[in-house]
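J.: Give the three-dimensional model of this entry:
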Amino acid sequence: ASTSKRKLKESVDCEVIPKKISAKEKEAMVPPVLKTESVEVSPPDYYKCNICPKKFISAAPLSTHLERHYSPLYDTWDCPFLACSFSASQTNLTKHMRSKHTKEQLFPCNHCPAKFHTMEAKKAHKKKLIPTDIWAQCQKPRCLRFYQMIKGSCSR
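T.: Presented below is the predicted three-dimensional model:
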């Protein structure tokens, strides 16, 4: 019995096989044209080191860069922004620069559209938003312990 199976080396011309394509399928094949904003995006602001000519796009790398200019004996560093007399450790200097100069808001709230300069500000906001002092009593037999609702349930 001979079979009429096509051999692997044979090719099939796809144009010969008729196939109707629905309008939805045709639309899906055409790549959508992306909207372009009519407002031109301004180039990012660069923040200059006050000791050398280097520039940085955000507060953290600028603060890290300042480490090269200060001796390890220094505990505090001066704010690199002109007319600012703030002086602090690297971590606090970064927080200061974000909140007062660069206005970077890197810490978004998971519950609302608010964004914050520091993790501490985000945590304070979350405490106001979700009260942690609401207590409930466990309903398990022989337990009846109290637990904070924010934790979900009794630990037993």
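
J.: Could you pull out the buried residues of stretch 61-72?
T.: By neighbour count, and taking 16 or more other C-beta atoms under 10 Å as the criterion, the buried residues in stretch 61-72 are L62, S63, H65, L66. All C-beta atoms are positioned from the backbone trio N, CA, C, and that covers glycine.

J.: List the contacts of the second one.
T.: Right, the one you point to is S63. Taking C-beta atoms under 8 Å, 6 or more residues apart in numbering, we find S63 in contact with W77, Q90, L93, T94, M97.

J.: Where does it sit: helix, strand or coil?
T.: Under DSSP: H, G, I helix; E, B strand; the rest coil, S63 falls in the helix class.

J.: Show the pLDDT at it.
T.: We note a pLDDT of 88 for S63 in this prediction.

J.: how far away is it from L129?
T.: Spatial separation of S63 from L129 under the definition C-beta to C-beta, to the nearest Å is 29 Å.

J.: cool, and the last one?
T.: Between L66 and L129 the computed distance is 35 Å (C-beta to C-beta).

J.: Nearest spatial neighbour of T102, chain-adjacent residues omitted?
T.: Distance criterion C-beta to C-beta, 6 or more residues apart in numbering; nearest residue to T102, sequence neighbours excluded, is A59 at 4.7 Å.

J.: Give me the pLDDT for that neighbour.
T.: Confidence at A59, expressed as pLDDT, is 88.

J.: buried set for stretch 84-104?
T.: 86, 88, 90, 93-99, 101-102, 104.
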